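**Student:** The following comprises the amino acid sequence and a computationally predicted model.
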Amino acid sequence: MVGREFGNGVRAAIERTGLTQRRLAELLGWQEAKISDLLAGKGGVTKEEVITLLAYCRTTAEERDRLVALFMEVGEKGWLQFPEDGVPDQVHTFIDHEKKAKKIIAWSPTLVPGVLQIPEYVHVVTAASPVIDTDDVPAVAAARSARAKILDGSRQFVFYVHEFALRLQVGSIEVWREQLAHLLRVSVRRYVSIRIIPASAGMHAGTSGGFYLMEFPTYPTVVYLETLNRCLFLDDAGTIEVYENTLKKLAAVALDEASSRAVIDSILEGH
């Protein structure tokens, strides 16, 4: 995961120079395969060589420091990020991975999943955050709402949502009802599956917290976790297996799609 992010960053830096990988390798006195391995996150270079390459690419000091820090973490099992603005949802890495994923499976125990939230719902959730300044709420809410653009049929989505998340009134009764109605509208799309964990299920495998699992066409699967002001990306095989097993157990107690729509509809009718 870290190696991939590092490789993508270096690739972008090289592309901005207009140089081919072969020409850059010649300037550095490297074999072209060395750059290919570096872009694939395979290592094979020293920290000093990375700095030299980035100097040829004329990266900014900020970008150089970011890429060198990533290089030093290549090989770690997880990647913990500390967003400077304290807004985990706005970490560019997560948003970029959402766009590249072929399948996204989300488990949300307390709120409607972010990608499914209508703008008014997003605004209320954002304003309630203890780590977002009031002045920043409009911009952050707008950026979060923009994530819904990936619901375009270019990837598959499976959302496991607890019944309590649906019954929690977020914002006015009108906002809350419109949010539930939006779920019903989205749920009939062929590439979206919304499955409710009913309150009657009692104790279940997902009580440790929500998460995203993202599958990619060529990259390994990644699990994404977030707290108020931290986010963690995990891609080691052991951890992925744990979360995949958790999803299997959630699937075993979740209602099917038709029954899930019926639950949403019944909550709407009752209010």
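**Tutor:** Arrived safely, thanks for sending. None of these values were measured; they are calculated from a predicted model.

**Student:** going forward, measure contacts between C-alpha atoms and count neighbours the same way
**Tutor:** OK.

**Student:** residue ranges of the helices in the stretch 101-250 of the chain, please?
**Tutor:** In the stretch 101-250 of the chain, the helices defined using DSSP state H, counting those that start in this stretch lie at 119-128, 137-146, 163-167, 173-187, 237-253.

**Student:** Out of those, the one nearest residue 58 is which?
**Tutor:** helix 137-146 (29.6 Å; C-alpha to C-alpha).

**Student:** Please convert the helices of the stretch 101-250 of the chain to CSV, extending it with distance to residue 111, mean pLDDT and mean neighbour count.
**Tutor:** Below are the helices of the stretch 101-250 of the chain laid out as CSV (distance: least, C-alpha to C-alpha, whole Å; pLDDT from 0 to 100; neighbours: other C-alpha atoms under 10 Å):
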stretch, distance to residue 111, mean pLDDT, mean neighbour count
helix 119-128, 9, 95, 19
helix 137-146, 14, 87, 17
helix 163-167, 5, 96, 19
helix 173-187, 11, 97, 17
helix 237-253, 16, 95, 14
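
**Student:** Can you pull out the low-pLDDT segments for the chain?
**Tutor:** 1-4, 41-44, 72-93, 271 (pLDDT under 70).

**Student:** Leaving aside the residues adjacent along the chain, what's closest to the residue positioned nearest the centre of it?
**Tutor:** In the chain, the centroid-proximal residue (C-alpha atoms, centre = their mean) is residue 94; its distance is 3.8 Å. In this structure, residue 94 finds its nearest non-sequential neighbour in residue 224, 7.8 Å apart by C-alpha to C-alpha, 6 or more residues apart in numbering.

**Student:** just to revisit the earlier point, can you classify the residue nearest to the centre of the chain by secondary structure?
**Tutor:** Here residue 94 takes the helix state, with states given by DSSP: H, G, I helix; E, B strand; the rest coil.

**Student:** Residue 166 is in contact with residue 112, isn't it?
**Tutor:** Yes. Using C-alpha atoms under 8 Å, residue 166 makes contact with residue 112 at a distance of 6.8 Å.

**Student:** what sits against the residue nearest to residue 94?
**Tutor:** Listed by C-alpha atoms under 8 Å, 6 or more residues apart in numbering, the contact set of residue 224 reads 94, 211-214, 231-234.

**Student:** quick one on the thing from earlier: could you dump the helices of the stretch 101-250 of the chain to TSV with distance to residue 35?
**Tutor:** Below are the helices of the stretch 101-250 of the chain laid out as TSV (distance: least, C-alpha to C-alpha, whole Å):
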stretch	distance to residue 35
helix 119-128	42
helix 137-146	34
helix 163-167	48
helix 173-187	44
helix 237-253	27
